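In: got a structure for you, letters missing:
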């Protein structure tokens, strides 16, 4: 945990604590935090504006939070080290809110087509009336999870490090960061168009990526104090490569040093002792001041070793 940057670490801790609190309150008092803090459809009575922020700290189950927190740790640490904590947390929260708004729009379109298919003569002007009559059902449309913000972090990684190669299970070969982002977006788009009722907000994931893309493109055009981090990103990986090479060279150097045999050790010690004896004889004959600087240092080192 000490090596994790501040903002990423705090996000991990808050998400885990919120998940534990959700489990404890639901099992002990019957209070459902996911219902209170999850993002409801804006035409439902349980909707509140604060849910656009709180929903991204709620999770449905252990697998849900495990995947999101693993991705946040894996990619968030790198992106935050390039951008800094303030810029990173602003991007994360903003994209999470953007993903929530995208999900609200998707649910509005879904609600319209459901109502149009079931109610003869239905028009846009009838939305509020039908929503009021369907309030109990619409309150069940609840979105939770940090996935929208997480997918925005994946996009940021791919745009900052487009040429860096990463391993993604189950692919047997590394792929470039830019293709990793394209694959993630394509999968989410296909799932959004081909699946229904799987309880996964695929359009919210795409919404987070879209808001992230627009934000990064804006930073590219208005670099200010460093832009969106393209050059800083390359510097970051260059430093990692340099550290790896230094560590490898140190290990290689240590491996090249052969252990000293007993014979060599005894011979070295005997030679050192003869040098010390010669220095002591010189002191007896001519006094300490007659010693050279090197002889004084050898005598000093020998006395320290004996201590």
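Out: Received it, and whenever you're ready, just let me know what you need. Computed from a predicted model, the values in this text were never measured in an experiment.

In: what's the neighbour count on residue 57?
Out: Residue 57 has 24 neighbouring residues, counting by other C-beta atoms under 10 Å. The way it works is simple: take the backbone N, C-alpha and C, and place the C-beta from them, glycine included.

In: show me where the stretch 101-250 of the chain has helices.
Out: Taking DSSP state H, counting those that start in this stretch, the helices of the stretch 101-250 of the chain run over residues 127-133, 135-138, 147-160, 177-194, 202-221, 230-256.

In: between those helices, which gets nearest to residue 270?
Out: The closest of these to residue 270 is helix 230-256. By C-beta to C-beta, the value is 26.2 Å.

In: now do the closest one, average pLDDT.
Out: Averaging pLDDT along helix 230-256 yields 56.

In: repeat for stretch 289-307
Out: Averaging pLDDT along stretch 289-307 gives 71.

In: buried set for that stretch?
Out: Neighbour counts using 16 or more other C-beta atoms under 10 Å place 291, 295, 298-299 of stretch 289-307 among the buried residues.

In: nearest to residue 23 among those residues?
Out: Set against residue 23, the nearest of the buried residues of stretch 289-307 by C-beta to C-beta is residue 298 (68.5 Å).

In: helix or strand for the closest one, which one?
Out: Element membership for residue 298, per DSSP states H and E: helix 293-306.

In: so which elements touch that helix?
Out: With contacts taken as 3 or more C-beta pairs under 8 Å, 6 or more residues apart in numbering; DSSP states H and E, helix 293-306 sits against helix 262-286.

In: report all helices and strands that the helix it packs on contacts.
Out: Contacts defined by 3+ C-beta pairs under 8 Å, 6+ apart place helix 262-286 against helix 293-306.

In: tell me the angle of the helix it packs on relative to helix 262-286?
Out: Orientation of helix 293-306 against helix 262-286 (axes from the mean of the first three to the mean of the last three C-alpha atoms, to 10 degrees) gives an angle of 120 degrees.

In: and the pLDDT for residue 263?
Out: pLDDT at residue 263 comes out at 65.

In: residue 2 too?
Out: 70.

In: sec struct for it, please.
Out: Classification of residue 2 by DSSP: H, G, I helix; E, B strand; the rest coil places it in coil.

In: repeat for residue 30
Out: coil.

In: can you get me a residue count around it?
Out: Residues lying near residue 30 (other C-beta under 10 Å) number 7.

In: and it, backbone torsions?
Out: phi 70, psi 20 (degrees, to the nearest 10).

In: could you list the low-pLDDT ranges of the stretch 101-250 of the chain?
Out: Where the stretch 101-250 of the chain drops to pLDDT under 70, the residues are 169, 195-198, 224-250.

In: cutoff 90 now
Out: For the stretch 101-250 of the chain, the stretches with pLDDT under 90 are 119-125, 162-178, 180, 183-185, 187-203, 220-250.

In: which ones are touching the closest residue in space to residue 295 that isn't next to it in sequence?
Out: Take residue 295 and drop its neighbours on the chain: the residue closest to it by C-beta to C-beta, 6 or more residues apart in numbering is residue 279, 5.1 Å away. Residue 279 is in contact with 291, 295, 298-299, counting by C-beta atoms under 8 Å, 6 or more residues apart in numbering.

In: return the member of those nearest to residue 120.
Out: When the contacts of residue 279 are compared against residue 120 (criterion: C-beta to C-beta), the nearest one is residue 298, at 105.1 Å.

In: picking that back up, of the contacts of residue 279, closest to residue 219?
Out: residue 298 (61.7 Å).

In: quickly list the domain ranges of this protein.
Out: Here the domain parsing of the chain from automatic domain parsing is 6-231, 262-306.

In: can you tell me which of the ones you listed is packed in deepest?
Out: Greatest average neighbour count among the domains of the chain goes to domain 6-231 (a mean of 17), per mean count of other C-beta atoms under 10 Å.

In: per-residue confidence for the residue nearest the centre of the chain?
Out: Closest to where the C-alpha atoms of the chain average out (C-alpha atoms, centre = their mean) is residue 76, at 2.0 Å. In this model, residue 76 is scored at 95, pLDDT.

In: re the thing from before, relative to residue 41, which of the helices of the stretch 101-250 of the chain is closest?
Out: When those are compared by C-beta to C-beta, helix 135-138 sits nearest residue 41, at 5.0 Å.

In: what's in contact with the closest one?
Out: Outside helix 135-138, the residues touching it (C-beta under 8 Å, 6+ apart) are 40-41, 43-45, 111, 131.
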